[in-house]
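# Build me a model from this:
(2 chains)
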Amino acid sequence: KAGVTQTPRYLIKTRGQQVTLSCSPISGHRSVSWYQQTPGQGLQFLFEYFSETQRNKGNFPGRFSGRQFSNSRSEMNVSTLELGDSALYLCASSFKGTGGTEAFFGQGTRLTVV
Amino acid sequence: DQQVKQNSPSLSVQEGRISILNCDYTNSMFDYFLWYKKYPAEGPTFLISISSIKDKNEDGRFTVFLNKSAKHLSLHIVPSQPGDSAVYFCAASVRSGGSNYKLTFGKGTLLTVNP
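Numbers count the residues shown, from 1 in each chain, chains lettered A, B, ... in the order given. Reported below is the predicted structural model:
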């Protein structure tokens, strides 16, 4: 069974640009969550999608958005990039929901904003 | 306001000894707790979990203890091995509408097991 796949692994963007990150969950998993990891803040919850609907949202500005497709693949978009958006972005999938059951994480996308 | 706190950024232990990683939480609504391990350049890997109706869960060398009155949980690794060296994240979940869940993470503790 393939694991959670995130693409790209590394990305360098300049301030003001926008970026789209992709996540393919484990086959059969319907929940996809996104987290931002920075050295000072640990892992912070961005949002969760289940069956193409956003169910939970963290405390991030509207520049951070996402969506989920019918095949459960998810994309995360960040517009008007700021230097502070540099982080490791992690995607996690689970069958029902990442909080109540074991969540499987991808390797992450390392975003650097210059 | 940080709802899950790991107050020790790092911990160093000798191989074969016990490693104890601690985690405190403030939200009494949390009903499920998990520990994840993370190596550099990899995503977190699930280790062990515990429901709020239990006070202990054991899986091989890993045991998680939950003290609800103190809002405290700990992960014990016995015996510690050099391969256990990683960042350990404590996480908690709160039910938010129906069967929805989300994870709230601590900032992590870097465990170093010395040979």
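# How is the most centrally placed residue in chain A assigned, secondary-structure-wise?
When chain A is reduced to its mean C-alpha position, the closest residue under CA atoms, centre = their mean turns out to be A:Trp34, at 3.1 Å. Following DSSP: H, G, I helix; E, B strand; the rest coil, the label given to A:Trp34 is strand.
# Quick check: bridge partners of it?
Going by DSSP bridges, A:Trp34 is paired in beta bridges with A:Phe47, A:Cys91.
# Buried residues, stretch B:8-19. List them.
Buried residues in stretch B:8-19, counted by 16 or more other CB atoms under 10 Å in any protein chain shown: B:11, B:13, B:19. Every C-beta, even on glycine, is put in place using the N, C-alpha and C of the backbone.
# Report the separation between the two terminal residues of it.
End-to-end distance for stretch B:8-19: 13 Å, by CA to CA, to the nearest Å.
# How about stretch B:4-17?
26 Å.
# Check the average confidence over that stretch, would you?
Mean pLDDT, computed over stretch B:4-17, is 96.
# tally of neighbours for residue 88?
No chain in the question, so chain A it is. 18 (other CB atoms under 10 Å in any protein chain shown).
# Not quite, go with chain B.
23.
# Show me which residues of chain A sit near chain B.
Contacts of chain A with chain B, taken as CB under 8 Å from any CB of the partner chain, map to A:4, A:33, A:35, A:40-45, A:48, A:50, A:55-56, A:58, A:90, A:92, A:96-108.
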